[in-house]
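1. no letters, just coordinates:
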Ligand code: G6P
C-alpha cells in the first residue's frame with residue numbers, strides 16, 4: 001500500500017495528485033473573467049463599494065479554505081473580514097452590507113445550513129462556494145460558484161481545498177479589480193501568482209513525494225505533532241494539523257508561531273516533530289531556533305527560504321494574499337504516508353463522514 005507515484009490504491013492519494021490539474025481547470029474557467037469584474041458581475045454580487053465587511057463561514061477544511069479567502073479580501077481590498085466556525089455563527093453580531101461567503105464542498109453540512117438559516121434579515125448577500133451546485137447550500141444562497149474540483153471520494157478533503165481557495169481568490173480578485181479599493185501592486189502580484197499555481201502544486205508534489213514517505217517512516221512512533229505558521233501561512237499550518245488528526249489519529253495542534261512562548265513550547269521535547277509553514281516571515285527563524293534549542297525536530301515547508309551553507313536566506317515576501325497554497329501538498333502527503341504506515345484507512349477515517357448532515 002505504500003505506493004510512491006502513479007495511481008494509488010486509495011482515492012486520497014489520487015486526489016492529492018490531481019491537484020495541479022484541478023488548479024488548471026479552475027484557472028482556465030475563471031481567470032479570463034477576473035479583470036473588468038466580469039466574474040463578480042456574472043454572479044450578481046453587489047459592487048464591492050456596497051460591501052462594508054466580509055464574513056466567511058464553514059467547517060473543517062472548508063473553513064480553512066475560507067480563512068485563506070478572507071486573506072484576499074483583507075490584504076487586497078483592506079475590507080474588514082472574519083472567518084467563522086459555522087457551528088458558532090449563532091453567537092455573532094451581524095451587520096448590514098456584509099458579504100457572507102459560505103464554504104462547503106458537499107453543500108450539505110448541517111452546521112453551515114443552520115448558520116445561514118439563523119442570519120438576521122437585511123444582513124447582506126450570501127455567496128455559496130461549493131463542489132455541489134445542486135446542494136441545499138446552493139439553494140439557500142443569493143449566488144453560487146462551483147469550485148470545479150470534480151468528485152472527491154476521500155473523506156478528508158484535499159483537492160476541494162485547493163479548488164475552493166483558487167475559486168474564491170478568482171471571485172474576490174474580480175470584484176476588487178474594479179472597485180477602486182484594491183491595492184494595485186498586490187492585485188497584480190496575486191494575478192501572476194494565480195497563473196503560477198498549477199506549477200507550484202506539481203513542483204511541491206515532485207519535491208515531497210519521497211521525502212514525505214521517508215519522514216513518515218522516521219516519525220511513525222511520534223505521539224504528537226505541532227504545526228506553526230505566521231500571517232498568511234497560519235491557515236496552512238491549521239490544515240496540516242487537521243489532516244494529520246483525521247488520517248493518523250495522532251494528536252496535532254496548530255499555533256501562531258508567536259504563541260509558542262505563551263504555552264506550546266512546553267510541549268517541545270527531544271525529537272518532538274514541529275512542522276513550520278514558511279511564508280517568508282523572517283521571525284520564523286527565531287521561532288525555529290526556540291524549538292531546536294529544546295531538541296524539537298523542525299520540518300520546514302515552503303519555498304521562501306533558501307538554505308546556503310547553514311544560513312537561511314529569505315526570499316522577498318511576495319507571497320500571494322491567500323498564502324503559500326502549495327505548502328498544503330507536503331502536509332497532505334505526510335499525513336497520508338503516516339496513516340498508511342499506521343494501517344489506517346485513509347479514505348474513510350474512523351468516526352468521520354464526508355458529509356455531516358447533523359448539527
Ligand atoms: C466533515 C469532514 C471534514 C470536512 C467537513 C466540512 O467534518 O470530515 O473533512 O472538512 O466535514 O465538509 P464540507 O462538505 O462542508 O466542506
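-> Everything's here; your move. Please read all numbers here as calculations on a predicted model, not as lab measurements. Numbers count the residues shown, from 1 in each chain.
2. list the contacts of residue 235.
-> With contacts defined as CB atoms under 8 Å, 6 or more residues apart in numbering, the neighbours of residue 235 are 64, 67-68, 71, 229, 323. Yep, even glycine has a C-beta here, placed from its N, CA and C like the rest.
3. at 7 Å instead, please
-> Residue 235 makes contacts with 64, 67-68, 323, as judged by CB atoms under 7 Å, 6 or more residues apart in numbering.
4. which parts of this structure are strands?
-> 53-58, 81-85, 98-104, 124-130, 143-146, 224-229, 251-256, 273-277, 297-301, 305-308, 311-314 (DSSP state E).
5. give me whichever of those is most buried.
-> Mean neighbour count, computed with mean count of other CB atoms under 10 Å, is highest for strand 98-104 among these, reaching a mean of 28.
6. sheet partners, orientation included, of it?
-> Looking at strand 98-104 with DSSP bridges, its partner strands are strand 53-58 (parallel), strand 124-130 (parallel).
7. could you dump the ones you listed to JSON lines with distance to residue 281?
-> What follows is those, written out as JSON lines (distance: least, CB to CB, whole Å):
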{"stretch": "strand 53-58", "distance to residue 281": "23"}
{"stretch": "strand 124-130", "distance to residue 281": "28"}
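8. format those strands as CSV; extra columns: distance to the ligand and mean pLDDT.
-> Output for those, formatted as CSV (distance: least, CB to the nearest ligand atom, whole Å; pLDDT from 0 to 100):
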stretch, distance to the ligand, mean pLDDT
strand 53-58, 6, 97
strand 124-130, 8, 96
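9. show the pLDDT at residue 357.
-> Listed pLDDT for residue 357 reads 82.
10. same thing with residue 123?
-> 83.
11. what's the answer for residue 318, then?
-> Listed pLDDT for residue 318 reads 62.
12. what is the burial count for the closest residue to the ligand within the stretch 1-150 of the chain?
-> Of the residues in the stretch 1-150 of the chain, the one nearest the ligand is residue 60, at a distance of 2.6 Å by CB to the nearest ligand atom. Neighbour count of residue 60, defined by other CB atoms under 10 Å: 22.
13. list the contacts of it.
-> residue 242.
14. now do it, the pLDDT please.
-> 97.
15. ditto for residue 6
-> As predicted, residue 6 sits at a pLDDT of 51.
16. what does the one 4 residues further on give?
-> In this prediction, residue 10 carries a pLDDT score of 94.
17. isn't it right up against residue 346?
-> Yes - Residue 10 is within contact range of residue 346, at 5.0 Å (criterion: CB atoms under 7 Å).
18. the two: which is more packed in?
-> Comparing residue 10 with residue 346 by other CB under 10 Å, the one with more neighbours is residue 346, at 25 against 19.
19. am I right that the more buried one is in contact with residue 340?
-> Yes - the pair residue 346 and residue 340 qualifies as a contact (CB under 7 Å) at a distance of 6.3 Å.
20. quick one: residue 230 and the ligand, what's the gap?
-> Computed with CB to the nearest ligand atom, to the nearest Å, the distance linking residue 230 and the ligand is 24 Å.
21. same question for residue 254.
-> Computed as CB to the nearest ligand atom, the residue 254 to the ligand distance reads 15 Å.
22. who's in contact with that residue?
-> If a contact means CB under 7 Å, 6+ apart, then residue 254 has 227, 237-238, 241 as its contacts.
23. weed out the non-buried ones from these.
-> Among the contacts of residue 254, those that count as buried by neighbour count (16 or more other CB atoms under 10 Å) are 227, 237-238, 241.
24. got the residues of the chain near the ligand?
-> The interface of the chain toward the ligand, taken as CB under 6 Å from any ligand atom, is made up of 59-62, 104-106, 109, 112, 155-157, 352, 355-356.
25. which one of those residues has the most neighbours?
-> Ranked by the number of neighbours (other CB under 10 Å), the residues of the chain next to the ligand place residue 104 first, at 34 neighbours.
26. surely it touches residue 136?
-> No - between residue 104 and residue 136 there is no contact under CB under 7 Å: 9.3 Å.
27. distance of the nearest residue to residue 150 once chain neighbours are set aside from residue 157?
-> Beyond its immediate neighbours in the sequence, the residue positioned closest to residue 150 (CB to CB, 6 or more residues apart in numbering) is residue 22, lying 6.9 Å away. Here the distance between residue 22 and residue 157 works out to 12 Å (CB to CB, to the nearest Å).
28. burial count for residue 181?
-> 16.
29. what about residue 265, how many neighbours?
-> Residue 265, neighbours per other CB under 10 Å, totals 18.
30. apologies, that question was intended for residue 248.
-> By other CB under 10 Å, the residues close to residue 248 number 26.
31. shouldn't it be in contact with residue 337?
-> No - under the criterion of CB under 7 Å, residue 248 makes no contact with residue 337, lying 9.4 Å away.
32. quick one: pLDDT of residue 222?
-> According to the prediction, residue 222 has pLDDT 97.
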